[in-house]
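Undergrad: Structure for the following, please:
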Amino acid sequence: MDFGWTTSDDAYRAELVSFLTQELPNNWWDSFAYDGPSGPELMNNAGSFNRKLAQKDLIVRHWPQAYGGQDAGAWKQIIVSEEMWSRGEPRSSLYLGANWAGPAIMKFGTEAQKHRFLRPIADGEVLWCQGFSEPEAGTDLANMKTRAEPDGDGYVINGSKVWTSYAARADTMFLLARVGATGKGGVSCFILPVDAAGITVRPIPAIHSPHDFNEVFFTDVRVPADARLGEEGQGWDIVTTILHYERIGAARYEFSRRTLDHIVTHLKARGLFDDPAIRGECSKALAEVEAARLLTYVVIDGRAKNLPPSADTYVARYSMIQADHAVANLSSTYLPDLLTHDGDGMLRAHFTAAITAGIAAGAAEVQLNMISGRYLGLPHGA
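TA: Numbering: from 1, shown residues only. This next block holds a predicted model:
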């Protein structure tokens, strides 16, 4: 693996940094990003921000030219993710479309679906959410209860989803629902508008944010047949493919790294960084962050070389969780006064994001189970 960035990579990052410096307001952390990318202020701002991104061709440059990209490859994708997430992800949930929903549509969609869904992502016009977890099947997707019953030339969907980030203001949902059979064989994928008749979204106030989590209820939601992505019962194959994109699509380690630098600046200003024990904790956090970065790069390197997804993804994802927690522990231990709404917006945004680090994009325990079986080869139940 080559750890060096190319001249083209450096130029792309510089272009992104220049754009962000120009477009993000000075009060970004305190007035927009303090509640994370699902906060109403940030999501409302994302519309105009994403259209400007699209005008500069800075959303899906890594996509094939046929779908609005430049065939720039996987490394360009992680560069844009690093720069966006280090600033609280000003694209909001557009990143879901760019990182994994779009690639899923490219791989499994019809030509009509590609035409309908991919260009709006490239043009920065659509915010996404994913309807996966359910009240009785949070991480056990094979036991989901939401059903899509064939009806005439379409389907009627009934059921519910929970912990659905972005649902209150998203435009489009990537939904998993059961058609026919039980178990993995009955899982199917659907793409539908969040404002479709029969869909009700209810916020779930949480300790870290009143906006992040939502319940979504489906009552006789009628969708056409072409809302289904792939074949009936192919949903499990689609999900296992796209989860490798989702798990590391958000470069949370870069947010942690820049937050760590910010923490050290505060510690120095308060004379706390002279304490060798505190410096040691900061060093350990830095090691966690850079380990997450390099493990993520291993996955990106494989993707750039067109290798099939591997268990390296789960290792990288779990390392991101560890990095988030290590940095958040520093701010909560030594700078708790800066985590209030009158404190430091960047530190508060990172700390609240770290609260959900072990849940979002795959629970920590699930990642450990996958690592034990698929990476270490341990027997089931060991």
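Undergrad: Now the element after the helix ranked longest in the chain, going C-ward?
TA: Ranked by residue count, the top helix of the chain under DSSP state H comes out as helix 276-304. Sequence-wise, the next helix or strand beyond helix 276-304 is helix 312-334, with elements assigned using DSSP states H and E.
Undergrad: Return the set of buried residues in that following helix.
TA: In terms of neighbour count (16 or more other CB atoms under 10 Å), helix 312-334 has its buried residues at 312-328, 330-331, 334. For the C-beta atoms, the positions are set from N, CA and C on the backbone; glycine is no exception.
Undergrad: which residue ranges form the helices in the stretch 101-250 of the chain?
TA: 102-108, 111-122, 235-247 (DSSP state H, counting those that start in this stretch).
Undergrad: coming back round to it: output the contacting helices and strands for the longest helix of the chain.
TA: Using 3 or more CB pairs under 8 Å, 6 or more residues apart in numbering; DSSP states H and E as the contact criterion, the elements in contact with helix 276-304 are helix 74-85, helix 252-269, helix 312-334.
Undergrad: what's the second one in contact with?
TA: When you say that, I think you mean helix 252-269. Around helix 252-269, the neighbours that count as contacts under CB atoms under 8 Å, 6 or more residues apart in numbering are 81-83, 85-86, 88, 273, 278, 282, 285-286, 289-290, 292-293, 296, 319-320, 323-324, 326-327, 330-331, 334-335, 338, 344, 346-347, 350, 353-354, 357.
Undergrad: Check the first one too.
TA: Among residues not part of helix 74-85, those counted as contacts by CB under 8 Å, 6+ apart are 5-6, 9, 12-13, 16-17, 20, 58-59, 61-62, 90-91, 95, 98-99, 249-252, 254-255, 296-297, 300, 303-304.
Undergrad: Which neighbouring elements make contact with the helix or strand following that helix?
TA: Next in sequence after helix 74-85, counting helices and strands by DSSP H and E, comes helix 94-96. Using 3+ CB pairs under 8 Å, 6+ apart as the contact criterion, the elements in contact with helix 94-96 are strand 128-131.
Undergrad: Which residue ranges make up each domain of the chain?
TA: For the chain, automatic domain parsing gives the domain ranges 7-127, 130-233, 251-375.
Undergrad: Reformat those into a markdown table and put mean pLDDT and distance to residue 242 next to each item.
TA: Supplementary listing: these in a markdown table, determined by pLDDT from 0 to 100; distance: least, CB to CB, whole Å:
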| stretch | mean pLDDT | distance to residue 242 |
| --- | --- | --- |
| domain 7-127 | 94 | 4 |
| domain 130-233 | 91 | 8 |
| domain 251-375 | 89 | 10 |
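Undergrad: who wins for proximity to residue 240 among those domains?
TA: Across the domains of the chain, the minimum distance to residue 240, taken as CB to CB, is reached by domain 251-375, at 8.3 Å.
Undergrad: ok, back up a step: tabulate the domains of the chain in JSON lines, adding columns for distance to residue 241.
TA: Conversion of the domains of the chain to JSON lines gives the following (distance: least, CB to CB, whole Å):
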{"stretch": "domain 7-127", "distance to residue 241": "7"}
{"stretch": "domain 130-233", "distance to residue 241": "10"}
{"stretch": "domain 251-375", "distance to residue 241": "7"}
